[in-house]
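Enquirer: One predicted model, sequence on top.
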Amino acid sequence: MPSLGADMEAGTITQWLVKPGDHVHRSDIVAVVETEKSTIEVEIFEDGIIDELLVHEGEKVPVGAALARVTTQTAGAAPGQPITVPLERAPAVTPVIGPEDRGTAPSPVTGPVPAALPVPLAASPPLVVSPIVRHLAERLGVDLSTLHGSGLGGTVTRADVEQAAPPARLEASRREPATGERGIRSSPFARRLAAELGVDVSALRGSGPGGAIIGSDVRRAASHPTAEPTLAVAPTMSPASSTAAENRQAAMRLAIAALMARSKREIPHYYLSTTIDLSAASTWLEQANLERPVTTRLVMAALLVKATALAAKHVPEMNGFMIDGAFASSEAVHVGVAISLRTGGVIAPAVHNVDRLSLDELMAGLKDLVRRARAGVLRSSEMSDSTLTVTNLGDLGVDEVFGVIYPPQVAMVGFGRPTERPWVHNRTLGVHPCVTVTLSADHRVSDGHRGARFLGRIDHLLQEPERL
Amino acid sequence: MTNDEARQLIRTVLHQVAPEADLDGVAPGETLQEALDLDSMDFLNFVTGLHEATGLEIPERDYGRLSTAEGCVAYLASSGPRVG
């Protein structure tokens, strides 16, 4: 069970998307895991063959428990004698390396000299497609036989299928709610609600897109229970179900409490703040959006996040992990974006390699991330590898945010609400759009001087938005 | 587009953006962003959803007219001829 966020202690496998014997490829989604906070699609980090599933659907296991055995190609073995490695611990097959494991994970498995894999992967003419990819192709209406696989041994990958799919179809499929219990399409929110209210999803008729069961269907069913003679119809929510909801809320609150208490106990925070003139950025943004259709319009948050990522490249003490008292800066900048859940709590999934994304790519990534976080479906890699977090509580109307650092990260950047303020520019008092940015940083890693440089850099970058 | 159709469309799109948002719980005149706790990204996703369903361009300067449910209904209903 990967650590999907530093505050996660256990997760429930709600669905396996692979079975023993299946070929899997790096970043294929192999399972769906439900945590206190969200439904998360677990990606595998290595090519290989699923050997054995060790955890049943519906089973809850602690972080670190092995989920499956996978025979990897890099681990190499003579045919017939596959090396089997639990999904956790061995980096070669870890579906996700949680921040907690970073640096402490054992060195990669160095098995016998890599040998040729048992036939299937190498076989070229019979097209090799993983079940997930086949399923995806079916959904997107892509004819697999027309594809040229870019994966190992000509294997057709998820990316190949997505590339071949008609864009509209692809977009639509991304908007579809996840398929829950087999054959029943239901949103993760609906499933969770159903569990809380004790409603059997399989007995419902969905009113959502494509007949999917949505939250209101569940609520309706809960408020008008089917009158079965054996069933004592409770006029209100039964004590048992309300307890389940309270338990989940309480568990999430506890998880956040434990992580934040650890942060405050272990990390000597220091705080800096500065107010940035957003005139240039606002003007540029307005102009850029005039020429853009709704679908590709940008929001200020994208500029703020991009500027933060670029600044982190300049001041590496803000970007990385503190593990066992030693700081390891990260080459990549994966920005965690704090997203509050309306059901309570907050999660901070990552947008990867923000420093290398164009504003358009970043914007698309952010939109997608927010949408999926709200819908309750995130991927394992997004939940575990932020190197720096940005919180943008501006929309709630506060001027400044003094964040608490997510261990083992070492900095948190907060943006308040962009507002118009009196501002002196070139010795002239005017009204400018401004935002106050704050930095909470780890004093074990950096001092205020470096922190100030970091904020200064963000300011500087936002004055030349066209270069972001 | 009739007012009823517009309201139904708003409900559908809102559901995609914020599955737990309940349009019926929003008081008349209340802004959607405030009442349903939508941030600017959610709101853009909402506008994008309306655009995709109707084909309307919805320039940024019109966002103010979409701030309330009634505003949205009026906006969509008045843009009838372009809806297809």
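Expert: All right, it came through fine.

Enquirer: where in chain B is pLDDT low?
Expert: Regions of chain B meeting the criterion pLDDT under 70 cover residues B:80-84.

Enquirer: who in it is up against chain A?
Expert: B:12, B:15-21, B:33, B:36-37, B:39-42, B:44-45, B:47-48, B:51-52, B:57-60 (C-beta under 8 Å from any C-beta of the partner chain). For every residue, glycine as well, the C-beta is placed using N, CA and C.

Enquirer: okay, now A:M318: neighbour count?
Expert: Applying other C-beta atoms under 10 Å in any protein chain shown, we find 30 residues neighbouring A:M318.

Enquirer: Quick one: list the elements packing against the host helix or strand of A:D160.
Expert: Counting by DSSP states H and E, the element that carries A:D160 is helix A:158-164. On a contact count with 3 or more C-beta pairs under 8 Å, 6 or more residues apart in numbering or on different chains; DSSP states H and E, helix A:158-164 meets helix A:131-140.

Enquirer: re earlier: from the residues of chain B next to chain A, list the buried ones, please.
Expert: B:15-21, B:33, B:36-37, B:39-42, B:44-45, B:47-48, B:51-52, B:58 (16 or more other C-beta atoms under 10 Å in any protein chain shown).

Enquirer: What about these, which are in helices?
Expert: B:15-17, B:33, B:40-42, B:44-45, B:47-48, B:51-52 (DSSP state H).

Enquirer: Please enumerate the helices of the stretch 251-400 of chain A.
Expert: Taking DSSP state H, counting those that start in this stretch to define them, one finds helices in the stretch 251-400 of chain A at A:279-290, A:300-314, A:359-375, A:380-384.

Enquirer: So the shortest one, near chain B or not?
Expert: Right, the one you point to is helix A:380-384. No: taking C-beta under 8 Å from any C-beta as the criterion, helix A:380-384 and chain B are apart, separated by no less than 15.5 Å.

Enquirer: Return that helix as PDB; C-alpha atoms alone will do.
Expert: Provided in PDB are the C-alpha atoms of helix A:380-384 (Å, rounded to 0.1, in the frame of the first residue of the first chain):
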ATOM      1  CA  SER A 380      -1.000   7.700  -6.500                       C
ATOM      2  CA  SER A 381       2.000   9.600  -7.900                       C
ATOM      3  CA  GLU A 382       0.100  12.900  -7.500                       C
ATOM      4  CA  MET A 383      -0.600  12.100  -3.800                       C
ATOM      5  CA  SER A 384       2.900  11.300  -2.800                       C
END
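
Enquirer: could you give the mean pLDDT of it?
Expert: The average pLDDT within helix A:380-384 is 82.

Enquirer: Any stretches of the stretch 51-200 of chain A with poor pLDDT?
Expert: If you take pLDDT under 70 as the line, the stretch 51-200 of chain A has these spans: A:73-132, A:135, A:145, A:149-155, A:168, A:170-190, A:192-193, A:195-200.

Enquirer: try 80 this time
Expert: Residues of the stretch 51-200 of chain A meeting the criterion pLDDT under 80: A:73-200.

Enquirer: give me the number of residues near the residue lying closest to A:T275 once chain neighbours are set aside?
Expert: Excluding its sequence neighbours, the residue lying closest to A:T275 (C-beta to C-beta, 6 or more residues apart in numbering or on different chains) is A:T436, at 4.8 Å. By other C-beta under 10 Å, the residues close to A:T436 number 20.

Enquirer: Please verify my assumption that A:T436 contacts A:L272.
Expert: No: using C-beta atoms under 8 Å, A:T436 is not in contact with A:L272; the gap is 11.0 Å.

Enquirer: ranking the helices of the stretch 251-400 of chain A by mean pLDDT, which is last?
Expert: helix A:380-384 (a mean of 82).

Enquirer: Enumerate every residue touching the nearest residue to A:H352 once chain neighbours are set aside.
Expert: Taking C-beta to C-beta, 6+ apart, and ignoring the residues beside it in sequence, A:H352 has A:H334 as its nearest neighbour in space, at 5.0 Å. Neighbouring residues of A:H334 by C-beta atoms under 8 Å, 6 or more residues apart in numbering or on different chains: A:A350, A:V351, A:H352, A:N353, A:V354, A:D385, A:S386, A:T387, A:L388.

Enquirer: Filter these down to the ones in strands?
Expert: A:A350, A:V351, A:L388 (DSSP state E).

Enquirer: overlap between these and the residues near chain B?
Expert: Of the ones in strands among the contacts of A:H334, not one also sits near chain B (C-beta under 8 Å from any C-beta).

Enquirer: give the contact list for A:E59.
Expert: A:E59 neighbours (C-beta under 8 Å, 6+ apart): A:T12, A:I13.

Enquirer: now do A:R421
Expert: Contacts of A:R421 by C-beta under 8 Å, 6+ apart are A:T275, A:V431, A:H432, A:P433, A:C434.

Enquirer: Quickly note the distance from the last one to B:L38.
Expert: Read it as A:C434. 23 Å (C-beta to C-beta, to the nearest Å).

Enquirer: The fourth one too?
Expert: With distances defined as C-beta to C-beta, the gap from A:P433 to B:L38 amounts to 21 Å.

Enquirer: If anything else comes up later, I'll come back, but that's it for now.
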